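Q: Based on what follows, work out the 3D shape:
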Amino acid sequence: MDDIKNVIDQLADLKTHAIDFVGEGEPTIDKDFFEIVEYTASKNIQAVVYTEAATRLRNRDFVTRLYDSGASVCPKCDSLYNEEYQNWVVGDKRGKYFRARNEALELLMKCGFNSVQRDGTTRLGFDMVVSKKNFHEVEQTVPTENPVRCARGPRCTRNGNLPSGCYVFESVKTNLKRHA
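A: Residues are numbered from 1 along each chain as shown. Next up, the predicted model:
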């Protein structure tokens, strides 16, 4: 833990704005997860957690503590619409990930992660890998007109280039209910 705090201290000295936590797997299962995220916030650095969401983010206490830490969250969202495809992407042969992830998204929104902040951003985004199997979903999923940005994520461009990062959707609740 001392080594991690040392790196965060060095990044703070360099005036780092945000740190993306992607982990060697799922970052939220690290035993020191909250200590790391909260220490990051104490250094005025935005923690951005890229997560599969289904494991820990269905627990209200966990999500509330994450919200209180000031972190932004970017769940894996290769499809909001195709359960079979999303489960295949994450290697879920039991077919449970899609619904568990959507349950986590609902809780994240109930806890306020999708509320627009004073700077016009939210603290909820999505991490979407675009392929020929989900390309048709991009227009439904990623806003091209006046997108709201996650505090760390870039805007979607109109020319078809989708930079990596987390995207936020004002219509998430509608989409989740329509495709549940």
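
Q: Looking at the protein, which helix is longest?
A: The longest helix of the chain (DSSP state H) is helix 97-110.

Q: For it, what is the distance to the chain centroid?
A: Distance of helix 97-110 from the chain centroid (C-alpha atoms, centre = their mean, to the nearest Å) equals 11 Å.

Q: Was I right to think Thr141 contacts Val129?
A: No - with contact defined as C-beta atoms under 8 Å, Thr141 and Val129 do not form a contacting pair (11.9 Å). Glycine gets a C-beta too; all of them are placed from N, C-alpha and C.

Q: Tell me which other helices or strands the longest helix of the chain touches.
A: Applying 3 or more C-beta pairs under 8 Å, 6 or more residues apart in numbering; DSSP states H and E, one finds that helix 97-110 contacts helix 60-69, strand 72-75, helix 83-89, helix 172-178.

Q: Tell me which strands the helix or strand just after it pairs with, and in which orientation.
A: Reading on from helix 97-110 to the C-terminus, the next helix or strand found by DSSP states H and E is strand 121-122. Applying DSSP bridges, strand 121-122 is found paired with strand 149-150 (parallel).

Q: where in this structure is pLDDT low?
A: Applying pLDDT under 70 to the chain flags the ranges 23-24, 142-180.

Q: So for it, the centremost residue is which one?
A: Cys74 (0.7 Å; C-alpha atoms, centre = their mean).

Q: Could I get the contacting residues of Asp78?
A: 85-86, 89-90, 128-129, 131, 134 (C-beta atoms under 8 Å, 6 or more residues apart in numbering).

Q: In TSV, list these along with neighbour count.
A: What follows is the contacts of Asp78, written out as TSV (neighbours: other C-beta atoms under 10 Å):
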residue	neighbour count
Tyr85	15
Gln86	22
Val89	19
Val90	13
Met128	23
Val129	11
Ser131	10
Asn134	20
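
Q: ok, so of those residues, who is nearest Arg99?
A: Nearest to Arg99 among these, counting by C-beta to C-beta, is Gln86 at 9.6 Å.

Q: Tell me how far Val7 lies from Thr141.
A: 34 Å (C-beta to C-beta, to the nearest Å).

Q: Show me which of the two is the more surrounded one.
A: Thr141 (22 against 11; other C-beta atoms under 10 Å).

Q: Leaving out sequence neighbours, find the closest residue to the more buried one.
A: Leu80 (5.8 Å; C-beta to C-beta, 6 or more residues apart in numbering).

Q: Quick check: closest non-adjacent residue to Phe62.
A: Closest to Phe62 by C-beta to C-beta, 6+ apart is Arg56, at 5.1 Å.

Q: Doesn't Val48 lie inside a strand?
A: Yes - looking at Val48 with DSSP: H, G, I helix; E, B strand; the rest coil, it is inside a strand.

Q: so it makes contact with Gly70?
A: No - at 10.7 Å, Val48 does not count as touching Gly70 under the criterion of C-beta under 8 Å.
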